[in-house]
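*Asks:* give me a 3D structure for the following:
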Amino acid sequence: MSGDLVKRAGGCHCGAVRFEVDLPNQIEVENCNCSICRMSGNIHVIVPANRFHLLQGEDALETYTFNTGAAKHRFCRVCGVKSFYIPRSNPDGYAVTWRCLDDWDKLDVRIENFDGVNWEANAAALAHKSRA
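*Replies:* Okay, here's the model as predicted:
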């Protein structure tokens, strides 16, 4: 989606991890059905790395990887919430969990279903999202 970028804050449940991300006023979020997104209920917006800024909590983050190890699932070791991660489809960007944004429910969002079960066949459709 388009528009000027607005700085949005977010973080994990306990507040140990806080970040800012530059997003347009209208955002498209991915509702992925891959095994980890389905099980964790993760709906996320992918942004270029230069639009994501970790403000605090690097020391509270743990990383989980599986399969190819390309995706870096970062989660707070205090509360367990994954407020962002580095996606396999966009290793040069960040996937920010929509509901971990402050005032997430007030954002103008379009939810797009993404068939992550068939990831290999569909991943290229996300590749452009981490480009500035």
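
*Asks:* sheet partners, orientation included, of the helix or strand hosting D22?
*Replies:* Following DSSP states H and E, one finds D22 within strand 18-24. The pairing partners recorded for strand 18-24 under DSSP bridges are strand 5-11 (antiparallel), strand 52-56 (antiparallel).

*Asks:* quick one: the lengthiest helix in the chain to chain centroid distance?
*Replies:* For the chain, the helix that runs over the most residues, judged by DSSP state H, is helix 35-40. How far helix 35-40 lies from its chain's middle: 13 Å, per Cα atoms, centre = their mean, to the nearest Å.

*Asks:* likewise for stretch 76-90?
*Replies:* Relative to its chain's centre, stretch 76-90 lies at 7 Å (Cα atoms, centre = their mean).

*Asks:* ok, and what's touching it?
*Replies:* 10-14, 16-17, 19, 40, 42, 44, 46, 52, 57, 60-62, 68, 70-75, 93-97, 100, 119, 123, 126-127, 129-130 (Cβ atoms under 8 Å, 6 or more residues apart in numbering). Placement of C-beta: from N, CA and C, glycine included.

*Asks:* same check, this time on stretch 21-39
*Replies:* Residues outside stretch 21-39 that contact it (Cβ under 8 Å, 6+ apart): 1-8, 10, 42-47, 51-53, 66, 73, 94-96, 98, 101, 107-117, 119, 126.

*Asks:* could you tell me which of these belong to strands?
*Replies:* Mapping the contacts of stretch 21-39 onto strands (DSSP state E) picks out 5-8, 10, 43-47, 52-53, 73, 94-96, 108-114.

*Asks:* quick check: ChimeraX command selecting the buried ones in those residues.
*Replies:* Here is the ChimeraX command that selects the buried residues among the ones in strands among the contacts of stretch 21-39 (16 or more other Cβ atoms under 10 Å):
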select :8,10,43,44,45,46,47,52,73,94,95,96,109,114
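
*Asks:* and the longest helix of the chain, which residues are buried?
*Replies:* Within helix 35-40, the residues that count as buried by 16+ other Cβ under 10 Å are 36-37.
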